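Asks: Just the structure for this:
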Amino acid sequence: MRLIFMGTPAFAAACLDAVLKTEHQVIGVYTKPDTPKNRGMKLIPSEVKVLAQAHGLPVFQPSTFRDDEAVETLKALAPDLIVVVAYGKILPQRVLDIPPLGCINIHGSVLPALRGSAPVQWAVLNDLPETGVTAMYLSAGMDEGDIIDIRTTPIGELETAGELMDRLAILGADLLRDTLGAIAAGTASRRPQDSALATYAPMLTKELSPIDWSRPAKEILARIRGLNPWPVAMASLGGTEFKIWEARLFDSAAAAAPGTPVALNKQGLVVACGNGAILITKLQAPGGKAMAAPDYFRGHPIQTKNEI
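Replies: Here you go, the predicted model:
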């Protein structure tokens, strides 16, 4: 099959790499425009663009598909199928109508759960025991298309969103390869989603970062895991605003007000929550590097209650 691949981040690059190892022909790659980053605001290409250029593939970076020129360019490539993975743009119906075999998508959840832009992170934020990847046909509605196939995986007790994303990228790449084989053979199934079961995973923002210590420890731990690697949970401890990178539940009860540093041990800093306590094992002070909590507080003492 003649394929157009559309994607942007590392998750999508893993899927493109899998496609390039099949017998199908990738005739063009679409990705978002280069993004200005860091202090110098240097334009940085997406992971998908870097991979595509390494393989000598034509790369297209339209800012929108609302203008006729972008649509006509895509139509002239005459793809049999369009593959979309974390592209970051909504495709209008006139784009969906171009390939005779349709447009398919690899989504990072078990649809219809967690439709939207951040399904992997919200699976962790919601403290789900399991998630997965879904292959589906694209439709005009956001993540509402017919399901082709699903692969599931348990979520680790301390697994971060970043770690889960890396695992799902591998799972998604395998699913995409098998899905392309089924479509080429004419054996791909499709079943409508049950929209009554739909949940949503909106884009993450920095407003999610501050930790509410009045919440239960298990919920706070899910927040820390789900916001790693971005935007990262934040908390004021001993008058310093820290990024909280890693933590785990602390077994003993903490007889202190929520948010109080209770004890410092060789594993980390124990902080009281609304119900229970957590042990912060890795954090980052302003202007510093992320480091093990005991190492940081060895050089920057913090007052604790020592009531555990």
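
Asks: buried set for the lengthiest helix in the chain?
Replies: Criterion DSSP state H: the longest helix present in the chain is helix 161-185. By 16 or more other C-beta atoms under 10 Å, the buried positions in helix 161-185 come out as 161-165, 167-169, 171-173, 175-176, 178-180, 183-184. From N, CA and C alone the C-beta is placed, and that goes for glycine too.

Asks: The spatially most central residue of the chain: helix or strand, and which one exactly?
Replies: In the chain, the residue lying closest to the centroid (C-alpha atoms, centre = their mean) is residue 120, at 4.5 Å. Residue 120 belongs to helix 119-125 when assigned by DSSP states H and E.

Asks: how far out from the middle of the chain is that helix?
Replies: Relative to its parent chain, helix 119-125 has a centroid offset of 7 Å by C-alpha atoms, centre = their mean, to the nearest Å.

Asks: Which stretches in the stretch 101-250 of the chain count as strands?
Replies: Along the stretch 101-250 of the chain, the stretches classed as strands by DSSP state E, counting those that start in this stretch are 103-107, 130-137, 147-154, 233-237, 240-250.

Asks: Mind listing the strands the first one pairs with, and their directions?
Replies: In the sheet containing strand 103-107, the strands it pairs with under DSSP bridges are strand 81-85 (parallel), strand 130-137 (antiparallel).

Asks: quick check: angle from the longest one to strand 147-154?
Replies: Looking back up the chat, that one is strand 130-137. Interaxial angle, strand 130-137 versus strand 147-154 (axes from the mean of the first three to the mean of the last three C-alpha atoms, to 10 degrees): 170 degrees.

Asks: What residues sit buried inside strand 130-137?
Replies: Of the residues in strand 130-137, those with enough neighbours to count as buried (16+ other C-beta under 10 Å) are 131, 132, 133, 134, 135, 136, 137.

Asks: ok, those vs residue 24, which is closest?
Replies: Residue 24 lies nearest to residue 135 out of the buried residues of strand 130-137, by C-beta to C-beta, at 14.8 Å.

Asks: can you tell me how far residue 76 sits from residue 119?
Replies: Note on residue 76: its distance to residue 119, by C-beta to C-beta, to the nearest Å, is 33 Å.

Asks: Neighbour count for these two, which is higher?
Replies: Legend: neighbour count by other C-beta atoms under 10 Å for residue 76 and residue 119, higher for residue 119 (26 against 8).

Asks: Each with direction, which strands does the helix or strand of the chain with the lowest mean pLDDT pair with?
Replies: When each helix and strand of the chain is scored by mean pLDDT, DSSP states H and E, strand 35-37 comes last, with a mean of 83. Under the criterion DSSP bridges, strand 35-37 sits next to strand 42-44 (antiparallel) in its sheet.

Asks: what's the offset of the strand it pairs with from the middle of its chain?
Replies: That offset, for strand 42-44, works out to 22 Å (C-alpha atoms, centre = their mean).

Asks: Give me the contact list for the helix holding residue 120.
Replies: Residues outside helix 119-125 that contact it (C-beta atoms under 8 Å, 6 or more residues apart in numbering): 107-109, 114, 116, 131, 155, 159-161, 164-165, 168, 201-202, 204, 222-223, 225-227.

Asks: okay, that helix in PDB with CA atoms only?
Replies: Output of helix 119-125 as PDB, limited to C-alpha atoms (Å, rounded to 0.1, in the frame of the first residue of the first chain):
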ATOM      1  CA  PRO A 119      -4.800   9.700  27.300                       C
ATOM      2  CA  VAL A 120      -1.600   8.200  28.600                       C
ATOM      3  CA  GLN A 121      -1.100  10.900  31.300                       C
ATOM      4  CA  TRP A 122      -4.700  10.700  32.400                       C
ATOM      5  CA  ALA A 123      -4.600   7.000  32.700                       C
ATOM      6  CA  VAL A 124      -2.000   7.500  35.400                       C
ATOM      7  CA  LEU A 125      -3.600  10.600  36.900                       C
END
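
Asks: So for that helix, mean pLDDT?
Replies: For helix 119-125, mean pLDDT rounds to 98.

Asks: beta partners of residue 236?
Replies: Beta-bridge partners for residue 236, by DSSP bridges, are residue 241.

Asks: Can you tell me what sits against stretch 183-190?
Replies: With C-beta under 8 Å, 6+ apart as the contact definition, stretch 183-190 has outside contacts at 1, 24, 81, 101, 104, 137, 146, 147, 148, 149, 179, 182.

Asks: One more pass at 6 Å, please.
Replies: Here stretch 183-190 makes contact (C-beta atoms under 6 Å, 6 or more residues apart in numbering) with 1, 146, 148, 182.

Asks: Determine how far that stretch lies from the middle of the whole chain.
Replies: 28 Å.

Asks: for stretch 184-204, same thing?
Replies: 17 Å.

Asks: Thanks a lot, see you next time.
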